[in-house]
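Asker: This is a predicted model, with the sequence first.
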Amino acid sequence: MFSVNQLVGLSGQKLILPFYHVVSDEPKAHYDGLYPIKSVAEFTAELDFLVKYFKPISLTELIALKKEGKRISEKCFHLTFDDGLKELYTIVAPILREKNIPATFFINTDFMDNKALFYRFKASLLVNEFGAKGMLDLPFGCEEEIDVFAETLGFSFEDYLQNEQPYLTSSQITELISDGFTIGGHSKSHPLYKDISLNEQLAETMDSVNSLTEQFKLAYKVFSFPFTDDGVGKEFYQKINSQLDLTFGTAGIKKDVADMNLQRIGMEENRSGADIIKAQYFYYVLKKFAGKNQIKR
Ligand SMILES: [Zn+2]
């Protein structure tokens, strides 16, 4: 109906922040089924669409843009990836390097270096291995039940971690950083923030960001919320505002009253990136006219 340029014009939103977890032609059992996985060809087509209409910017440029608080003059995007999977090193980074597109990778510090496995990945493995579909309905607090279930069935998450090495290692991250990519915290253990206390939210956030900053000597501090920032209150933002440069949510194209919290567009749906972005803009324009395009906290 509308062209991309018309939609951007109507919305007044020139910055977009698409995000993914993984790109692969051979999805692994620990995430297959959790979200639709884009193939290399689909991902490449989505990048071509993005650079056709938007200028790729780095995290440093994005931080500067937000700090200056000026009107953004050019249509631009910054790409981010959550969960710190090894495919970012083996598949995604080579494609981005080729196309000269910067990106930020958000890491769970409890899982980095294959120290432990995200409970949703454990559930996904049990679904793929034993058809135990109900596993995916279990909330964060039920990790022990998942562990007991796996043990009963004789499935070892430890062996899987050792054999598959699903996560980025410190040396891979060092190499990505030296290639110009940026990293940030994604909490330690990937809890659902609205289910944990303010103190736990702060510890999950700051411990993950600070340990990465120290280990990799980062000059910036950024964080993306595990799952969603839905239900995270004002006090949290007040406490972290002076300590972090930017935080990232997953609510699509949306303004946030916490103005250093930027909302991103999830690109893992069963349709093309172009369709996802156009639909996001279309809804934003509708909500703008209805006065519903801002998240209140
Ligand atoms: Zn995540």
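Answerer: Noted; the coordinates are in hand.
Asker: Against S73, how distant is the residue of the stretch 1-150 of the chain found nearest the ion?
Answerer: In the stretch 1-150 of the chain, the residue that lies nearest the ion is D82 (3.9 Å; Cβ to the ion). Every residue, glycine included, has its C-beta placed from N, CA and C. In this view, D82 and S73 are 29 Å apart by Cβ to Cβ, to the nearest Å.
Asker: Could you list the domains of this protein?
Answerer: 4-77+87-117+166-229+241-295, 118-165 (automatic domain parsing).
Asker: show me what contacts the residue of the stretch 1-150 of the chain closest to the ion?
Answerer: F19, Y20, H21, F106, H186, S224, P226 (Cβ atoms under 8 Å, 6 or more residues apart in numbering).
Asker: Nearest residue to it in space, please, no chain neighbours.
Answerer: Distances taken as Cβ to Cβ, 6 or more residues apart in numbering place F106 nearest to D82, at 4.8 Å, with adjacent residues excluded.
Asker: Can you report how many residues lie near that neighbour?
Answerer: Counted with other Cβ atoms under 10 Å, the neighbours of F106 add up to 25.
Asker: Scan the contacts of D82 and report the most crowded one.
Answerer: Counting by other Cβ under 10 Å, top hit in the contacts of D82: H186 with 29 neighbours.
Asker: do you know how far that one is from V40?
Answerer: 23 Å.
Asker: Show me what the residue nearest to D82 is bridged to.
Answerer: Under the criterion DSSP bridges, F106 forms beta bridges with G184.
Asker: That one against L79, yeah?
Answerer: No: using Cβ atoms under 8 Å, F106 makes no contact with L79, being 11.6 Å away.
Asker: I'd like to know how far the residue of the stretch 1-150 of the chain closest to the ion sits from G184.
Answerer: According to Cβ to Cβ, D82 stands 10 Å off from G184.
Asker: Quick one: the helices in the chain, in order.
Answerer: Ranges of helices in the chain, per DSSP state H, are 4-11, 40-53, 59-68, 87, 93-99, 119-130, 143-153, 157-164, 170-178, 198-216, 234-240, 273-290.
Asker: The fifth one: which residues count as buried?
Answerer: What that stands for is helix 93-99. A93, L96 (16 or more other Cβ atoms under 10 Å).
Asker: The first one too?
Answerer: Within helix 4-11, the residues that qualify as buried by neighbour count (16+ other Cβ under 10 Å) are V4, L7, V8, L10, S11.
Asker: Just put the helices of the chain in JSON lines and tack on distance to D137.
Answerer: Formatted as JSON lines, those follow (distance: least, Cβ to Cβ, whole Å):
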{"stretch": "helix 4-11", "distance to D137": "36"}
{"stretch": "helix 40-53", "distance to D137": "28"}
{"stretch": "helix 59-68", "distance to D137": "35"}
{"stretch": "helix 87", "distance to D137": "26"}
{"stretch": "helix 93-99", "distance to D137": "34"}
{"stretch": "helix 119-130", "distance to D137": "9"}
{"stretch": "helix 143-153", "distance to D137": "11"}
{"stretch": "helix 157-164", "distance to D137": "19"}
{"stretch": "helix 170-178", "distance to D137": "33"}
{"stretch": "helix 198-216", "distance to D137": "23"}
{"stretch": "helix 234-240", "distance to D137": "27"}
{"stretch": "helix 273-290", "distance to D137": "26"}
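Asker: can you tell me which residues contact the residue nearest to D82?
Answerer: F106 makes contact with 80-84, 183-186, 222-224, 248, according to Cβ under 8 Å, 6+ apart.
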